[in-house]
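Novice: the following block contains a protein sequence and its predicted model.
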Amino acid sequence: MGKLKLALYWAMACGGCDVAVIDTHEKILDIAAAADILFWPVAMDFKYHDVEAMPDKHIDVCLFNGGIRNSENEHVAHLLRAKSKVMVAFGACAQLGGIPGLANEKKRQDILDYVYHGSPSTVGRKGLYPQEVTHVPEGELELPKFYDAVMALDQVIDVDYYVPGCPPEPARIMEVVLAIVTGNLPPKGAVVGALDKALCDTCPRKREEKKVRAFHRPHEVLFDTERCFLEQGLICMGPATRGGCSDPPRCIRSNMPCRGCYGPPPDVKDQGAKMLSAIGSIIDSQDPEEIEKIIGQIVDPLGTFYRFGLPGSALRKKRFS
Amino acid sequence: MKKISIDPITRLEGHGKIEIFLNDQGDVENAYFQVPELRGFEVFCQGRPVEELPRIVPRICGV
């Protein structure tokens, strides 16, 4: 087998996934030794027309990060799908929609209004919005269509594998690339570069008794840094999150509760629903009024339970007009 | 008028493209730089707990 032909792309992304690839440090040399990189906008100067000129299925593996926010993202997703044998949704945005997917709670026009007119730091000419086509004296300029909602990659194209994480853990990226190089891949549709268990199963914190009578925000209590966050009434997404970010888990190691960037654990379709179920089982009360009061102490449940996956969840799966 | 598109702009964080218009003599008549991306952090951060923002806004730019 010749050298692997690799492409990396960012759609609606922050660049953190690309940096995670570079954060493999000297192991990036192993990737370079095993693969020729044919397209990687953050690091190399290839254009869209270079990809368009490739025969179909020319690329062996495409690591696609970022969700689908506009027509350019979707167009490039279709283009790279046609040119790639294996398509990998790389990182939380491509897998589930990611943090920018929180915009699905908002209306498209409200976003445009605030960003181009309402925000105090923006001086916008009244009534001026980005246009898909703008006529200038020399000709026409085009911008992509800003969609009504963010979509995960598999809501627009067929995806072969998923690498979770915001961003994926660099050590795991090497495992994924090596698995691809050696052809040692699991069945299509599998999550790779992560564990087949929940984050709680990898957590070193002490667990005593999960009986919660109140939920707290971090500044409201002094908490035990050795003990399970949830048992102390601090929302931690561990029960509803796939393990594998690192050992011990990255955020827990930094004394921060998990926020769920590795997506739902195996056999769970909806991360937020799983978290609701977990919370339901730990509240120590039988009194409906008291239960309601305790639940009410959870601030921003949507933005916490679906922090990284609102577009890919049961709540916002449909494509908008 | 001939148009040269540089799309995407590479080796930087974010998305951008440049359209260059050439006149009949082949000289640059005008050039436009466009940013084709928007995500709306300004809007969807509103109403979220302040202690969570240090974990949300780093995703504006991860480079």
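Specialist: Sure thing, it's come through.
Novice: in chain B, what residue spans correspond to strands?
Specialist: Chain-ordered strands for chain B, with DSSP state E as the definition, fall at B:2-6, B:17-22, B:28-34.
Novice: tell me which residue is most central in chain B.
Specialist: B:Val35 (2.9 Å; C-alpha atoms, centre = their mean).
Novice: now chain A
Specialist: Residue closest to chain A centre, computed by C-alpha atoms, centre = their mean, is A:Ala92 at 1.5 Å.
Novice: next one: that residue from A:Asp270, what distance?
Specialist: The span separating A:Ala92 from A:Asp270 equals 15 Å under the rule C-beta to C-beta, to the nearest Å. In short, each C-beta sits where N, CA and C put it, glycine included.
Novice: any regions of chain A where pLDDT drops low?
Specialist: A:1, A:317-321 (pLDDT under 70).
Novice: give me that answer again for 90
Specialist: Across chain A, the ranges flagged by pLDDT under 90 are A:1-3, A:22-35, A:120-128, A:170-186, A:209-210, A:247, A:314-321.
Novice: show me what from chain B comes close to chain A.
Specialist: Proximity of chain B to chain A, by C-beta under 8 Å from any C-beta of the partner chain, involves residues B:1, B:3, B:6-8, B:10-15, B:19, B:21, B:29-30, B:32, B:34, B:36-44, B:47-49, B:51-52, B:55-56, B:58-63.
Novice: in ChimeraX, how would I select just the buried ones from these?
Specialist: Applied in ChimeraX, the following selects the buried portion of the residues of chain B next to chain A according to 16 or more other C-beta atoms under 10 Å in any protein chain shown:
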select /B:7,8,10,13,14,15,19,21,29,34,36,37,38,39,40,41,42,43,44,48,52,55,56,59,62
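Novice: which of the residues of chain B next to chain A fall in helices?
Specialist: When DSSP state H defines the helices, the subset of those inside them is B:Phe41, B:Glu42, B:Val43, B:Phe44, B:Arg55, B:Ile56.
Novice: please tell me the pLDDT value assigned to the third one.
Specialist: This means B:Val43. B:Val43 is assigned 96 on the pLDDT scale.
Novice: again with the last one
Specialist: Looking at B:Ile56, its pLDDT stands at 98.
Novice: for it, give me its contacts.
Specialist: Taking C-beta atoms under 8 Å, 6 or more residues apart in numbering or on different chains, we find B:Ile56 in contact with A:Ile99, A:Leu102, A:Arg307, B:Phe41, B:Cys45, B:Arg48.
Novice: need the max-distance pair from these.
Specialist: Maximum pairwise distance among those (C-beta to C-beta): 13.6 Å, between A:Arg307 and B:Phe41.
Novice: ok, of the contacts of B:Ile56, which one's closest to A:Pro167?
Specialist: Lowest distance from A:Pro167 to the contacts of B:Ile56 (C-beta to C-beta) belongs to A:Ile99, with 11.4 Å.
Novice: how many neighbours does the closest one have?
Specialist: If you count neighbours by other C-beta atoms under 10 Å in any protein chain shown, A:Ile99 ends up with 29.
Novice: again with A:Thr122
Specialist: Taking other C-beta under 10 Å as the criterion, the count of residues near A:Thr122 is 11.
Novice: that one: what secondary structure?
Specialist: coil (DSSP: H, G, I helix; E, B strand; the rest coil).
Novice: nearest residue to it other than its sequence neighbours?
Specialist: Take A:Thr122 and drop its neighbours on the chain: the residue closest to it by C-beta to C-beta, 6 or more residues apart in numbering or on different chains is A:Tyr116, 6.5 Å away.
Novice: contacting residues around that neighbour?
Specialist: Contacts for A:Tyr116 (C-beta under 8 Å, 6+ apart) come out as A:Thr122, A:Gly124, A:Leu128, A:Tyr129, A:Pro130.
Novice: let me have the strands of chain B in TSV, extended by mean pLDDT.
Specialist: Rendered in TSV, the data for the strands of chain B read as follows (pLDDT from 0 to 100):
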stretch	mean pLDDT
strand B:2-6	95
strand B:17-22	97
strand B:28-34	97
